[in-house]
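Enquirer: Here's a sequence, model it:
(chains A and B)
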2 protein chains.
Amino acid sequence: MRRIIVQKFGGTSVADTEKIKNVAKTVIKEKNNGNNVVVVVSAMGHTTDYLVKMAKDLSATPSTREMDMLLSTGEGVSIALLAMAIQAQGYEAVSFNAMQVGIFTENVHSKARIIKIQTEKLKQNLNEGKIIVVAGFQGVTEDGEITTLGRGGSDTSAVALAAALNAERCDIYTDVEGVYTTDPRIVPKATKLKEISYEEMLELAHAGANVLHPRSVETAKLNNVPLRVRSSFKTDDMGTLILGVNKMEIDKPVTGVAADLSQARVVVCDVPDVPGQAAKIFSKLAQEGISVDMIIQSYARKISNTNDIAFTIDSTDIEKAKETLDKMKEQIHCGEIQINSEIAKVSIVGAGMIDRPGIASTMFETLANLDINIKMISTSEIKISCLVDKADAKKAVQALHDEFNLSSDTIAEVKGDLPNI
Amino acid sequence: MRRIIVQKFGGTSVADTEKIKNVAKTVIKEKNNGNNVVVVVSAMGHTTDYLVKMAKDLSATPSTREMDMLLSTGEGVSIALLAMAIQAQGYEAVSFNAMQVGIFTENVHSKARIIKIQTEKLKQNLNEGKIIVVAGFQGVTEDGEITTLGRGGSDTSAVALAAALNAERCDIYTDVEGVYTTDPRIVPKATKLKEISYEEMLELAHAGANVLHPRSVETAKLNNVPLRVRSSFKTDDMGTLILGVNKMEIDKPVTGVAADLSQARVVVCDVPDVPGQAAKIFSKLAQEGISVDMIIQSYARKISNTNDIAFTIDSTDIEKAKETLDKMKEQIHCGEIQINSEIAKVSIVGAGMIDRPGIASTMFETLANLDINIKMISTSEIKISCLVDKADAKKAVQALHDEFNLSSDTIAEVKGDLPNI
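Expert: Residues are numbered from 1 along each chain as shown, chains lettered A, B, ... in the order given. Below is the predicted model of the structure:
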């Protein structure tokens, strides 16, 4: 059997019929390379917003089950149109929604995880020479309920399909040209990486580089699927390959710098220093679906026998967190709750830092030299993150990018909507 | 188990979220009557046109398989939104597409017929007290291919569901208030019928009264499902009940008058009078998917030993018929092919005419008194149709309506887009 390449195109790549025609050309080019091609697409451009708006007209709290029914129609449109566009070029194509393929998920609405994918029908159609177009973002339960996968869903669909089909590679076509050493709009000399390891990509994604959702990278890592991030517009460019071993940049301790401006810092002051207080707070936040990133607990003050617990959350969860913690105040007998969203998490990532001491101190010194105050620190094997004032984020990224020699001589060109600093 | 009522709402009834809220109210009203309710909906207003336009942008001849994939998303949107609107009123509701229900059709795209419907899931959800919203117009094959039902599809989905569920009744909500003795825009005193038999409704539908597609009436007749045509706007009005026995109007030979302006007359001149010529023509037309309605073959002319074959087709098929017949000219050695779309088929329908002689002659006399030339005649047990000039259609309908005493004393109110004469 021929090699299988899975390609994924997001909503902006299929936003109108002209763009769909372009996608068809990219798909056919891969087919003409002698490969079997499975294409995963998202809903067209603003379809999802439009559907959500109608739902909100009808109900302040539409049921997640019906929201999944509604939203899944978006990819239903784009897959059929792309299949037609491919057929119009004289190639055989067939579209399938998740129910038809058998992309089975757990029985959870709006953020289901993929459990297994049936490959019989896909393989049969590939053997007949057809290009297959599959709806991303959606799944089906064993009971025939339609689910959606939540954030990063379409990328995850593509990676999971690549894993199930034992594909040669999964190409994620996007509006940027690949993974850069940092956001090229902050550092114009940022370099596009030819290769990066899953681990580094994961850390970069968690650190705020929003090229790929961490979930799709995790799925690729778990199943050892080589993942390529490449441009929908410059299809000759091979973008960045994400795979098990980072062959490049092994001489550099740091692969990339990222800033995440979407977090807020919460400080719960004067928490009595008795066991189980932190557990109470974080288990309650978890129950409410609030994800916590960095956590710091200060040493207990000798006199008051209390300490402060600080952590970061996503800014969109501020209101919910406030409400949840206010309700707990009596239970944990704490003091004031401070929330600050004028912060940024600046991170350096690199598998090369594992065996090299001094990377963290170089980072701290670089920031200190700029008079940037570090509010919190968190580290993993291949990442160091510092929480700083939002106003300092840009110069921190620029200085770290320079310090760790990540700049290329050519100025990077980037399109798309990376976060503004 | 409680009685089951199936309700069907067309595209104009669910054209926007405000209208969907109104539909939700009508649905809930029936639920509050103590019935189990299954609602069938079409795609929202102009969704289908919009989808077709995009498909045409991509391909002059999109595959019917992918068109079915594309169009079926339209009902996917409306069912989810209606379920949300019902839930917002505090009632339990669940939406299902045809694949989820198991509305099985033959393996034909764009005009599939329903073979069987699975009722387990529906009955289970009804027993749990839920209102069920089902996608009309679509089906699925045993192989999991998505199909659409073609013209009259959503009405047929509703009737077939009512049959499968052994429903008490199938209510077709539409933009007219019921079935009238004729088009009230031609005859303001046209009467809304309280009841009409399947047979009469079928003949009226075939004769041009476009309240219901004949196919849905046939399905209702076959399965003995009482069918009610009623207004989406005046939901207190019980509309017209279509059922096995016409209890009303038994004293009147004629139940309704209809005009069909959508036909064209084709005359194939000078066809040599040898056996098999008509068969050749009509089998070729059938192969091309052109439906033929009235057919007349003249007596063979003694001198030339040829005859003329005249028949009517749908105006939309004129070009295709011309092409098909032009290609056959050599094969059948005929003369000129004349096509005239300035004609109208005027029909009177009534089960009461079965045992009463003289109805046909009364019709012909009425037309003759108005100097209306009859070009073709066709009859069935309960229908007589005359082909006349389009310009004469209106006065023919008015005169026949008077002649057969169909007028009420109150002037009918009608909304919606009945064909203009």
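Enquirer: which residues touch whichever residue of the stretch 151-300 of chain A sits closest to chain B?
Expert: Nearest residue of the stretch 151-300 of chain A to chain B, counting by Cβ to the nearest Cβ: residue A:154, 16.7 Å away. (Glycine included, C-beta is placed from N, CA and C.) Contact analysis of residue A:154 by Cβ atoms under 8 Å, 6 or more residues apart in numbering or on different chains lists A:8, A:10, A:40-42, A:75, A:136-137.
Enquirer: Sort out for me which of those are in helices.
Expert: Using DSSP state H, the subset of the contacts of residue A:154 located in helices is residue A:75.
Enquirer: show me where chain A has helices.
Expert: Taking DSSP H, the helices of chain A run over residues A:17-32, A:47-58, A:64-88, A:98-101, A:120-127, A:153-164, A:198-206, A:214-223, A:277-287, A:318-332, A:359-369, A:393-403.
Enquirer: any idea how far residue A:75 lies from chain B?
Expert: 9 Å (Cβ to the nearest Cβ, to the nearest Å).
Enquirer: whoops, residue A:121 was the one
Expert: From residue A:121 to chain B the distance is 8 Å (Cβ to the nearest Cβ).
Enquirer: Count the residues that sit near the closest residue to that residue other than its chain neighbours.
Expert: Once flanking residues are discounted, residue A:121 sits nearest to residue A:101: 6.5 Å by Cβ to Cβ, 6 or more residues apart in numbering or on different chains. Residue A:101: 25 surrounding residues under other Cβ atoms under 10 Å in any protein chain shown.
Enquirer: who touches stretch A:392-408?
Expert: With contacts defined as Cβ under 8 Å, 6+ apart, stretch A:392-408 is touched by A:181-183, A:186-187, A:189-192, A:252-259, A:261, A:344, A:346, A:348, A:350, A:362-363, A:366-367, A:369-370, A:372-373, A:386, A:388, A:421.
Enquirer: Which ones among those lie within strands?
Expert: The strands, defined by DSSP state E, take in A:256-259, A:344, A:346, A:348, A:386, A:388 from the contacts of stretch A:392-408.
Enquirer: Residue A:143 and residue B:397: what is the separation?
Expert: Look at residue A:143 and residue B:397: by Cβ to Cβ, to the nearest Å, they are 54 Å apart.
Enquirer: Oh, that last question was meant for residue A:323, not what I typed.
Expert: Distance of residue A:323 to residue B:397, computed by Cβ to Cβ: 68 Å.
Enquirer: quick one: which of these two has more around it?
Expert: Comparing residue A:323 with residue B:397 by neighbour count (other Cβ under 10 Å), the higher total belongs to residue B:397, at 24 against 11.
Enquirer: any idea of the pLDDT on the more buried one?
Expert: Note on residue B:397: pLDDT of 93.
Enquirer: same deal with residue A:300?
Expert: On the pLDDT scale, residue A:300 gets 66.
Enquirer: residues in the stretch 1-150 of chain A within reach of chain B, list them.
Expert: By the rule Cβ under 8 Å from any Cβ of the partner chain, the part of the stretch 1-150 of chain A lying against chain B is A:17, A:20-21, A:51, A:54-55, A:57-60, A:62-63, A:65-67, A:69-70, A:72-73, A:76-77, A:79-81, A:83-85, A:87-88, A:93-95, A:97, A:99-100, A:121, A:144-146.
Enquirer: Which strands or helices does the helix or strand of chain A with the lowest mean pLDDT pack on?
Expert: Using mean pLDDT, DSSP states H and E, strand A:292-297 stands out as the lowest-scoring helix or strand of chain A, at a mean of 82. With contacts defined as 3 or more Cβ pairs under 8 Å, 6 or more residues apart in numbering or on different chains; DSSP states H and E, the packing partners of strand A:292-297 are helix A:277-287, strand A:306-314, strand A:376-380.
Enquirer: just so I know, which of the ones you listed lies nearest residue A:127?
Expert: strand A:376-380 (43.8 Å; Cβ to Cβ).
Enquirer: from the chain's centre, how far out does the closest one sit?
Expert: Here strand A:376-380 shows a centroid-to-chain-centroid distance of 20 Å under the convention Cα atoms, centre = their mean, to the nearest Å.
Enquirer: which residues of the stretch 1-150 of chain A score low on pLDDT?
Expert: For the stretch 1-150 of chain A, the stretches flagged by pLDDT under 70 are A:1.
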